[in-house]
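Undergrad: Show me the folded form of this:
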Amino acid sequence: MAKQTKIPRLISCDEAGYTGPKLLDDNQPYFAYAAVDLTPDEAAAIVATARQKFRIQAPELKSGLLRKRDNWPDIALDILEPVKGRAMVIAADKRLKLAGKTFEYLFEPVLERMNGLFYHYDLHRFVMNGLYRILFVTGAPTPKLAEELQSFMKSFDPADAPTVFAAAQSSAETHEILDCVLRFARGYAATIDERAKHLQKDVDPTAKWTLDLTTTCLFSLLLHGWGHHHDSLDVLCDDSKPLQAMAHAFDGFVGQSDSAELIGAGSQRAKIRANLANPIRFGSSATNPSLQIADIVAGATTDLLQHQTDSACRDLAKWILPHMHPHTMLPDDDFIDLARPKPRMNLAALKELAHRADHGEDPIAGMDEFYENLLASERRCRRALF
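TA: Next up is the predicted model:
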């Protein structure tokens with residue numbers, strides 16, 4: 001008897017809040033990428049019902065158009081109810097992501113020989129959330145330093161970030177986390193510059209998408225998501241320039257039925273799996289109703305994040321929050337709360353790294369012992385309190 005071949009599950013993906021590498025757009029502070037598990041017929045039925053019920057004349061369902069209606073939350077919820085349990089969405093605060101990229105492209109080149117140590121203690125999350133709070137939560141216009149950081153991570157040319165890489169401080173920094181980050185960047189500018197040369201556009205054509213969030217989100221939704229739910233996936237994405245440029249990165253998962261262990265931050269380990277039936281496909285939402293549903297999921301998510309206190313979004317939140325992927329990136333003050341042991345340890349470590357940068361010292365020699373001593377000190381303090 002011939003072995004039956006299982007039909008791959010169609011996973012359709014679309015985004016909302018796309019601004020490419022521009023992460024400082026005040027009008028669109030959030031990005032969301034959604035993936036839905038629907039057959040073409042199921043999606044077409046949902047679309048047809050919504051069009052008739054809400055008298056939608058537009059040729060396709062698009063959150064960008066529907067959100068202009070007063071009853072947009074009701075429309076979104078009505079469309080999403082049949083998709084319960086069959087959608088995943090990742091959201092990202094773009095400014096927080098920019099702060100995270102700061103660690104990735106300023107600290108990682110310098111600390112890479114021992115980066116597991118720093119990820120283990122969440123130094124990256126400490127720096128990311130600290131910079132976010134310093135640069136973006138005051139309500140003031142986007143500071144020049146943030147603009148410079150974005151420019152540098154688009155071009156990887158230190159000349160685009162003079163405040164960051166100046167040999168001497170051009171102005172007094174008012175916050176010690178920011179002060180330490182700048183001192184670190186300036187002290188190890190040569191190492192950072194050397195690594196950055198490999199990422200410049202004339203060397204790596206895909207470098208212009210460094211700040212784009214689409215590929216990272218798709219990786220999480222497939223490898224840490226739908227790939228664990230189904231034996232085989234047929235992935236359909238709405239037309240996307242960055243994804244088309246990076247789609248080859250997923251080709252290694254075509255026909256790959258085995259899972260693999262991914263060693264992430266510190267000692268954290270995670271299984272990744274996504275058996276793709278074919279390379280990622282691209283299509284138009286006009287001819288693929290499932291992409292329209294993914295668009296509604298993503299658009300409703302960004303709207304919820306922008307209007308979190310709006311009572312009209314309360315029911316929408318009850319649907320969206322359980323469908324949010326764990327890799328969603330939103331600010332978390334726990335990582336910088338100095339009433340907690342780990343943030344105190346990371347502030348001390350960041351100061352030590354800044355001190356070494358000032359004096360041209362090895363940035364990682366003995367840092368494992370430095371953290372161990374900090375941990376021992378925290379334990380002694382805790383015992384003294386009790």
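Undergrad: Report the secondary structure state of the residue nearest to Arg195 when sequence neighbours are not counted.
TA: Nearest residue to Arg195, sequence neighbours excluded (Cβ to Cβ, 6 or more residues apart in numbering): Pro109, at 3.8 Å. In this view, the C-beta of every residue, glycine as well, is placed from N, C-alpha and C. Following DSSP: H, G, I helix; E, B strand; the rest coil, we place Pro109 in the helix state.
Undergrad: Centre of the chain to stretch 16-23, how far?
TA: Centroid separation between stretch 16-23 and its chain, computed with Cα atoms, centre = their mean, to the nearest Å, is 12 Å.
Undergrad: Please apply the same query to stretch 50-65.
TA: Distance, centroid of stretch 50-65 to centroid of chain: 30 Å (Cα atoms, centre = their mean).
Undergrad: what's in contact with that stretch?
TA: Contacts to stretch 50-65, defined as Cβ atoms under 8 Å, 6 or more residues apart in numbering, come from residues 16, 47, 66, 71, 75-76, 78-79, 285-286, 292-293, 295-296, 298-300, 303.
Undergrad: Please pick the buried ones from those.
TA: Neighbour counting with 16 or more other Cβ atoms under 10 Å marks 16, 47, 66, 75-76, 78-79, 285, 292-293, 295-296, 298-300, 303 as buried within the contacts of stretch 50-65.
Undergrad: of all these, which comes closest to Val137?
TA: For these, the residue nearest Val137 by Cβ to Cβ is Asp303; the value is 21.3 Å.
Undergrad: How about the contacts made by that closest one?
TA: The neighbourhood of Asp303, defined by Cβ under 8 Å, 6+ apart, consists of 63, 67, 72-73, 76, 313, 316.
Undergrad: now do Ser220
TA: For Ser220, the contact set (Cβ under 8 Å, 6+ apart) comprises 90, 325, 327.
Undergrad: Next up, phi/psi of the last one, please.
TA: Note on His327: backbone dihedrals following degrees, to the nearest 10 are phi -80, psi 10.
Undergrad: do the same with the first one
TA: Main-chain torsions, Ile90, degrees, to the nearest 10: phi -110, psi 130.
Undergrad: What of the second one?
TA: Main-chain dihedrals, His325, degrees, to the nearest 10: phi -70, psi 150.
Undergrad: Quick check: bridge partners of the residue nearest to it when sequence neighbours are not counted?
TA: Closest residue to His325 apart from its sequence neighbours, by Cβ to Cβ, 6+ apart: Ile90 at 4.5 Å. When bridges are called by DSSP bridges, Ile90 pairs up with Tyr33.
Undergrad: Hmm, Phe219 and Ile90 touching each other?
TA: No - taking contacts as Cβ atoms under 8 Å, Ile90 lies outside contact range of Phe219: 9.8 Å.
Undergrad: Please say which of the two ends up with more neighbours.
TA: Per other Cβ atoms under 10 Å, whichever of Ile90 and Phe219 has more neighbours is Ile90, with 27 against 19.
Undergrad: Now do Pro341 against Phe107, distance only.
TA: Pro341 sits 21 Å away from Phe107, going by Cβ to Cβ, to the nearest Å.
Undergrad: now swap in Leu353 and tell me
TA: 8 Å.
Undergrad: Cheers, nothing more for now.
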